[in-house]
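In: what follows is a predicted structure for the sequence shown.
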Amino acid sequence: MQNKETGAPRATYRHAIWDNPFMLFPIALLCALVAWLIVTMYFDTGGSRTIYDASVNFNYQSSAYTTLDLDIVDEPSINNVRVRVGGNNTIIGNMHAEDIMVYPNYAAVSGPGEITLGLEARIVNNDYMNQGIELTVESPQSVTLVFDSVTTKTLPVTVDTGGIRVADGFTLNRVTSVPSEVTLHGPASELEQVSAVVAPIQSDDSLADNVTATSVLEMHDADGNLVEPRYTTMDIETADISLQVYQVRELPLAVDFIGTPNGFDPSSLHYSLSRETLRVAGPARIVSTLTELAVTSFDLAQEFALDRDYQRQVELPAGITSQEGLSSVTLSFDTTGMDSCVFHVSNIRLVNVPSDYDVEVLTNIVRDVRLFGPAADIARLSADNVQIQIDCQSITLTAGEQEVPVSVQIPAAKRVFAVGSYTAICQVTEK
């Protein structure tokens, strides 16, 4: 272009980026950042920062106390542990709590007891090993631990029923606990103080029935006093307690006579026991319905003899217990007015013959059948009044000739019974 006044060519002016004020600030900021990086990396490498929530490892270097046969009685829960990390800012800037382990310095532990130990830290991430990083535990700087020989002790659960009352006419028969024993874990010095684990039971009502309750277990010393060790724990804190409450009654004693003919009247036997009554206990639903107590069985056919006494073991019904510790009684018969006779009996009959067998009686006469009873009844009897019965339902039939047991029936005399064992021979055929 030409200058209008002189006609000479006009000079062209080119604007540089530095002349633009809006570009100067970003350029200056970029230069400052580059300069900071250069200084940080090559000139100013030192720095520090705080890492939070590092974990405390109580097992690190634990051999320092385990070789003394010691354990940490109770590991405290330590939160918000802060560790100061010093070193190259570029390196420590990437570190996290997981890269550091905090641990107690056990060098001062020499025996059982409570001791305060300093906390130290070390790097556990190999990426930061040998980088000149320094660690300092800022808070907490120490921890208080208790050392002792930690062991276990197993004790049975003892139920304390002093807080319950049983209704009149009832007794506390049995007490059970689930679990029946408890294992304690703690310092040996504390376990020595514990002699019993007790389950106390309380009730405001008088008990007349079984009760189940949950009890919080307690530790007691040898004198029965409650102890509350600081560090000892139980593997189970509560127990389910069952109290079995029985009704108590005094009942007359009786004998269960077996081996008698059908329709025999046991009241015709004049007998006595060395004990007329017995104080017993049992579930109310059973005891309340009893009028007498058959404490022994007696097989008239196999055991009876004139002028003899019998020592019998007391056999109580299931669920009934003696309150007096009675184990045996003497059974005596008054045989005054009794007599006996012997018959050869030919009246033999089969009953309950199965449909898939034919049974033929080969025996014609069962000899020497001895009967006992009141003399007047015996005098009126003849062999025709006696019947030999073979009950096929009570024996196992096999094909062929078979000797089977028989029973003696006296339908005409309800107070007469047979003594002895008798058999007959039968021919058994399968159909």
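Out: Everything's here; your move.
In: what are the ranges of the helices in the stretch 1-150 of the chain?
Out: Secondary structure of the stretch 1-150 of the chain by DSSP state H, counting those that start in this stretch: the helices cover 21-42, 63-66, 89-92.
In: worst mean pLDDT among the ones you listed?
Out: If you rank these by mean pLDDT, helix 21-42 sits at the bottom with a mean of 62.
In: okay, domains of the chain per the record?
Out: Domain segmentation of the chain under automatic domain parsing yields 46-148, 151-243, 247-333, 338-430.
In: quick check: Pro76 touching Ser142?
Out: No: contact criterion Cβ atoms under 8 Å: Pro76 and Ser142 do not qualify, at 11.3 Å. Bear in mind the C-beta positions are built from the backbone N, C-alpha and C, glycine included.
In: helices and strands around the top strand by length along the chain, which ones?
Out: In the chain, taking DSSP state E as the definition, the longest strand is strand 238-258. On a contact count with 3 or more Cβ pairs under 8 Å, 6 or more residues apart in numbering; DSSP states H and E, strand 238-258 meets strand 150-166, strand 170-178, strand 196-207, strand 211-216, strand 271-273, strand 277-282, helix 284-287, strand 293-299.
In: out of the ones you listed, the one nearest Asp368 is which?
Out: Across the helices and strands packed on strand 238-258, Asp368 has its closest neighbour in strand 293-299 (19.1 Å, Cβ to Cβ).
In: what helices or strands is the helix or strand where Tyr310 lies leaning on?
Out: For Tyr310, the host element (DSSP states H and E) is strand 309-313. Judged by 3+ Cβ pairs under 8 Å, 6+ apart, the packing partners of strand 309-313 are strand 293-299, strand 328-333.
In: let's go with 7 Å and repeat that
Out: Packing partners of strand 309-313 (3 or more Cβ pairs under 7 Å, 6 or more residues apart in numbering; DSSP states H and E): strand 328-333.
In: now the element after the strand it packs on, going C-ward?
Out: Using DSSP H and E, the helix or strand that directly follows strand 328-333 along the chain is strand 338-345.
In: in the sheet, which strands lie alongside that following strand, parallel or antiparallel?
Out: Here strand 338-345 is paired, per DSSP bridges, with strand 366-374 (antiparallel).
In: strand 328-333 and the partner strand, what's the angle between them?
Out: 100 degrees (axes from the mean of the first three to the mean of the last three Cα atoms, to 10 degrees).
In: may I see the buried residues of strand 366-374?
Out: By neighbour count on 16 or more other Cβ atoms under 10 Å, the buried set for strand 366-374 is 366, 369, 371-374.
In: pLDDT for these - can I get that in TSV?
Out: Formatted as TSV, these follow (pLDDT from 0 to 100):
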residue	pLDDT
Val366	97
Val369	97
Leu371	97
Phe372	96
Gly373	95
Pro374	96
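In: enumerate every residue touching the residue nearest to Val81 when sequence neighbours are not counted.
Out: Nearest residue to Val81, sequence neighbours excluded (Cβ to Cβ, 6 or more residues apart in numbering): Ala54, at 4.6 Å. By Cβ atoms under 7 Å, 6 or more residues apart in numbering, the contact list for Ala54 reads 81, 83, 97, 100, 102, 121.
In: can you do 6 Å?
Out: Applying Cβ atoms under 6 Å, 6 or more residues apart in numbering, one finds that Ala54 lies in contact with 81, 83, 97, 100, 102.
In: list the contacts for the fourth one?
Out: Read it as Ile100. Contacts for Ile100 (Cβ under 6 Å, 6+ apart) come out as 54, 83, 121.
In: pretty sure Arg279 sits against Glu250.
Out: Yes: counting by Cβ atoms under 6 Å, Arg279 does reach Glu250; the two are 4.6 Å apart.
In: overlap in contacts, the two.
Out: In contact with both Arg279 and Glu250: no residue, using Cβ under 6 Å, 6+ apart.
In: hang on, the earlier thing: so can I have a markdown table of the helices and strands packed on strand 238-258 showing mean pLDDT?
Out: Formatted as a markdown table, the helices and strands packed on strand 238-258 follow (pLDDT from 0 to 100):
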| stretch | mean pLDDT |
| --- | --- |
| strand 150-166 | 95 |
| strand 170-178 | 95 |
| strand 196-207 | 94 |
| strand 211-216 | 95 |
| strand 271-273 | 94 |
| strand 277-282 | 94 |
| helix 284-287 | 92 |
| strand 293-299 | 92 |
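In: for the stretch 301-431 of the chain, which segments count as strands?
Out: Here the stretch 301-431 of the chain has its strands, by DSSP state E, counting those that start in this stretch, at 309-313, 321-322, 328-333, 338-345, 348-351, 357-361, 366-374, 387-391, 400-409, 417-419, 422-430.
In: and those strands, which is most packed in?
Out: Greatest average neighbour count among the strands of the stretch 301-431 of the chain goes to strand 417-419 (a mean of 23), per mean count of other Cβ atoms under 10 Å.
In: what is the mean pLDDT for that one?
Out: 97.
In: ok, and what's touching it?
Out: By Cβ under 6 Å, 6+ apart, the list of residues contacting strand 417-419 reads 260-261, 264, 300-301, 304, 369-372, 408.
In: give me that answer again for 7 Å
Out: 260-261, 264, 300-301, 304, 369-373, 408.
In: bridging residues for Ile115?
Out: For Ile115, the beta-bridge partners are Leu145 (DSSP bridges).
In: likewise Tyr103?
Out: Beta-bridge pairing of Tyr103 under DSSP bridges involves Glu120.
In: quick check: it vs Asp74, distance?
Out: Distance, Tyr103 to Asp74, using Cβ to Cβ, to the nearest Å: 17 Å.
In: of those two, who's got more company?
Out: Shown here are Tyr103 and Asp74; by other Cβ atoms under 10 Å, Tyr103 has more neighbours (20 against 15).
In: could you measure from that one over to Lys431?
Out: For Tyr103, the distance to Lys431 - Cβ to Cβ - is 92 Å.
In: ditto for Ile410
Out: Counting by Cβ to Cβ, the gap from Ile410 to Lys431 is 33 Å.
In: looking at these two, which is more packed in?
Out: Neighbours were counted for Ile410 and for Lys431 using other Cβ under 10 Å; Ile410 has more, 22 against 7.
In: so who does the more buried one touch?
Out: Ile410 makes contact with 261, 371, 385-386, 416 under the criterion Cβ under 7 Å, 6+ apart.
In: output the below-cut-off pLDDT ranges for the chain.
Out: 1-28, 31-46 (pLDDT under 70).
In: can you rerun that using 50?
Out: Counting by pLDDT under 50, the low-confidence segments of the chain come to 1-3, 11-13.
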